[in-house]
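Novice: Just to be clear, the model below is a prediction. Sequence and coordinates:
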2 protein chains.
Amino acid sequence: MTNIRDLAREAEVSVTTVSRVLNDHPYVAEDKRRAVQDAITKLGYIRNQTAVQLSTGQTKTIGVMLPYVDHPYHAAILHGIAQCAFEEGYRFLTWQTNYIASHEQTVLQALAQREVDGLIVVSHSLPVDEILRYEQYGPIVFCEHHEDVSSVYINHYTAFQSGLKTLQSFGHTQIGICLGRPDSTNSRARKQAYQDTVSPEDTSWIYQQALTIEDGADIARQWSNQSCRPSALLTASDHVAAGIILELRKQGYRIPEDLAVIGFDGSDLAVVLNLTTVAVPYETIGRQAFFIAISDNWRDHPQIEIPTALLSGLTAVKVKE
Amino acid sequence: MTNIRDLAREAEVSVTTVSRVLNDHPYVAEDKRRAVQDAITKLGYIRNQTAVQLSTGQTKTIGVMLPYVDHPYHAAILHGIAQCAFEEGYRFLTWQTNYIASHEQTVLQALAQREVDGLIVVSHSLPVDEILRYEQYGPIVFCEHHEDVSSVYINHYTAFQSGLKTLQSFGHTQIGICLGRPDSTNSRARKQAYQDTVSPEDTSWIYQQALTIEDGADIARQWSNQSCRPSALLTASDHVAAGIILELRKQGYRIPEDLAVIGFDGSDLAVVLNLTTVAVPYETIGRQAFFIAISDNWRDHPQIEIPTALLSGLTAVKVKE
DNA sequence: TTGTAAGCGTTATCAG
DNA sequence: CTGATAACGCTTACAA
């Protein structure tokens, strides 16, 4: 492998000069510059990035911690990160954690080991303080809201509230919700919105552990077996909404007449099923998170709230008198 | 940042011994090993990966070139790669190219610059020989079939043929197809399967540039405006199938009575819409590609064909006599 | 404008 | 079993 010293010998200059040419530094005579460039093509030189990284102490790489790369909204965040990273000359390493704590530790370790300049935490199961202990090694940006932490997030409280109020404005009084992981920050905020906005007498209308299409189908069966059931449901995701709708239709129920359903995410599924849904600009979240991760004001713990929007579909309409 | 030399000083041994302890080498006396370990905890030492990489000449990282991280099937391949990479102690860098040639060049450059030990090309627009020129720098594994190239792929010819034969077995004689990027390897194989299997008189039943849900809707409109139209359609992806079905239902047509539709991919969309589809195990493709990329027999250009399976749904059924 | 030489933090060779 | 010491390939004071 030809290196910078071979180049120097070939071009009859010093390694410093070669390095200067390589990095477009000023103060290099035109003839020497050309000599170096000739040497580069003649010897087929290719710069070794690892050596650059060791020398500069920067990797120009940021790490991304997420549970599943193939979940639509995580992938959408990744998309935003990918766009900006490329534009800014950065690379990104992705770690899929499956929400396993030890896997998340590995990612934090990578930051400590200088494999990445910074970290974007899309979602996590480790306690926040434990993650923050690694902030001494570089910026850590969350895609969820936490106090005293760099984060780009949507307000799950107001987002859920907008869904609930929409259902109320349609005349619904018996409203239920689906929540994902029971003790996640997001679920807590959503539940709070539910309690504040709907103040339900019956807590059996909170369906937990709603993550997949299959979970949705389960919930639908649960619903149809209940003696006292809600007339409207704000779900945790479009996937869950899809599962509910499909199972209920299979059982002969009509949507939204028998049950009004609102999804969450604004995914492809919502388009296909004409779902009413709370649309989340995940790509924007990724973009903003990236820029915080590479900016030097990350120590101020900037917080950026990204607005959501209710997207009208056909699965939730006004109740007829 | 404390380094291996500080450790040596603290433990009163040589750097070599420290390195041996760090790498679990044999031939280290128990007392010295312990002394080093104590120094590590006392000084809060964390190994610098970049230095290891420079010294060993290995990055334990593989690169992934793909057009879009958030397209379901590419994400599924990524998922497979992510699983294996983690298990094997590897990391992976993802580059989203948007099929832009210059972006793809950047990725190849990264391989040449030793940023990654190997490359998995999920999909590309650059000519294969141009990509292969970089094989001198490390393994390049394709997720598409090409001659004399390491690859893990599905046989688009037989996969498409299975879809077409299914339609024929249902009594359809007027069959059309949708193709994605016109001059991709995959599209060519699919078109060939169409010509060999259906031998259509009318070539106006080949719908090009079918990639998204919206493209599907366009095709549906095109179809409904045709005087002579197919009774069945094998589409390029579940997304396209979804677009077609939704638009057609909106126009009052019935699926599969007015038009039988088969999707491709076996995605979530297929589940939601009860699509008949050609299911592709994308995750498996990712896993296998990864293992070729890190194995040392990649120079033999191993080729692995992954089988597909027809998944029955409700959008293509037997034509009534 | 140019060059010398000292890092960056490891690993690996080779002699003890 | 242990330790000097030379790589790995680049950047960057500092000096000229």
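Specialist: Done, it's in.

Novice: Quick one: classify residue A:17 as helix, strand or coil.
Specialist: At residue A:17 the chain is in helix, as set by DSSP: H, G, I helix; E, B strand; the rest coil.

Novice: Can you give me the neighbour number for it?
Specialist: 21 (other CB atoms under 10 Å in any protein chain shown). To be clear about C-beta, it is placed using only N, CA and C from the backbone, and glycine gets the same treatment.

Novice: How about the contacts made by it?
Specialist: A:8, A:11, A:28, A:32, A:36 (CB atoms under 8 Å, 6 or more residues apart in numbering or on different chains).

Novice: ok, now how distant is the third one from residue A:34?
Specialist: In this case it means residue A:28. 10 Å (CB to CB, to the nearest Å).

Novice: What about the nearest residue to residue A:62 once chain neighbours are set aside, how many residues nearby?
Specialist: Nearest non-adjacent residue to residue A:62, counting by CB to CB, 6 or more residues apart in numbering or on different chains: residue A:118, 4.8 Å away. Using other CB under 10 Å, residue A:118 has 25 neighbouring residues.

Novice: can you give me the helices for the stretch 51-200 of chain A?
Specialist: A:72-87, A:101-112, A:128-132, A:156-169, A:185-197 (DSSP state H, counting those that start in this stretch).

Novice: so which of the ones you listed gets nearest residue A:289?
Specialist: helix A:72-87 (6.9 Å; CB to CB).

Novice: In the closest one, which residues are buried?
Specialist: A:72-86 (16 or more other CB atoms under 10 Å in any protein chain shown).

Novice: what subset of those residues is also close to chain B?
Specialist: Residues of the buried residues of helix A:72-87 in contact with chain B (CB under 8 Å from any CB of the partner chain): A:72, A:75-76, A:78-79, A:82-83, A:86.

Novice: any idea which helix or strand carries whichever residue of the stretch 201-321 of chain A sits closest to DNA strand D?
Specialist: Using CB to the nearest atom of the strand, the closest approach of the stretch 201-321 of chain A to DNA strand D is made by residue A:296 at 16.1 Å. Using DSSP states H and E, residue A:296 is not contained in any helix or strand.

Novice: how close does residue A:59 get to residue A:77?
Specialist: Applying CB to CB to residue A:59 and residue A:77 gives a distance of 21 Å.

Novice: What is the lowest-mean-pLDDT helix or strand in chain A packed up against?
Specialist: None of the helices or strands of chain A scores lower by mean pLDDT, DSSP states H and E than helix A:268-273, at a mean of 88. Counting by 3 or more CB pairs under 8 Å, 6 or more residues apart in numbering or on different chains; DSSP states H and E, the packing neighbours recorded for helix A:268-273 are helix A:238-250, helix B:213-225, helix B:238-250, helix B:268-273.

Novice: ok, now which ones touch residue A:124?
Specialist: A:65, A:97, A:99, A:104, A:131, A:142, A:144.

Novice: can you rerun that using 6 Å?
Specialist: Neighbour list for residue A:124: residue A:104 [criterion: CB atoms under 6 Å, 6 or more residues apart in numbering or on different chains].

Novice: Please tell me how far it sits from residue A:65.
Specialist: 6 Å.

Novice: follow-up on the earlier one: quick check: which of the helices of the stretch 51-200 of chain A is nearest to DNA strand C?
Specialist: helix A:101-112 (10.8 Å).

Novice: Other residues contacting that closest one?
Specialist: A:63, A:65, A:95, A:97, A:116, A:119, A:124-126, A:134, A:137-138, B:46.

Novice: Try it again at 8 Å.
Specialist: A:63, A:65, A:93, A:95-97, A:116, A:118-119, A:124-126, A:131, A:134, A:137-138, A:140, B:46, B:49, B:86, B:91.

Novice: give me the subset of those touching DNA strand C.
Specialist: residue B:46 (CB under 7 Å from any atom of the strand).

Novice: Of the contacts of helix A:101-112, keep whichever come out buried.
Specialist: Among the contacts of helix A:101-112, those scoring as buried are A:63, A:65, A:93, A:95-97, A:116, A:118-119, A:124, A:126, A:131, A:134, A:137-138, A:140, B:46, B:49, B:86, B:91 (criterion: 16+ other CB under 10 Å).

Novice: Near residue A:306, how many other residues are there?
Specialist: Neighbour tally, residue A:306, other CB under 10 Å: 17.

Novice: That one reaches residue A:156, doesn't it?
Specialist: No - look at residue A:306 against residue A:156 with CB atoms under 8 Å: they stay out of range, at 11.5 Å.

Novice: got the residues of chain A near DNA strand D?
Specialist: A:1, A:3-5, A:15-16, A:19-20, A:22-23, A:45, A:47-48, A:51-52, A:54-56.

Novice: give me that answer again for 10 Å
Specialist: Selection of chain A residues close to DNA strand D by CB under 10 Å from any atom of the strand yields A:1-8, A:14-23, A:25, A:27, A:45-58.

Novice: Any quick PyMOL command for the buried ones out of these?
Specialist: Burial among these is assessed by 16+ other CB under 10 Å; the matching PyMOL selection reads:
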select buried, chain A and resi 4+7+8+17+18+19+20+21+22+45+46+47+48+49+50+51+52+53+54
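
Novice: Let me see the contact set for residue A:62.
Specialist: Here residue A:62 is in contact with A:81, A:85, A:90-93, A:116-120, A:290, A:293-294 (criterion: CB under 8 Å, 6+ apart).

Novice: May I have the beta-bridge partners of it?
Specialist: Under DSSP bridges, the beta-bridge partners of residue A:62 are residue A:92, residue A:118.
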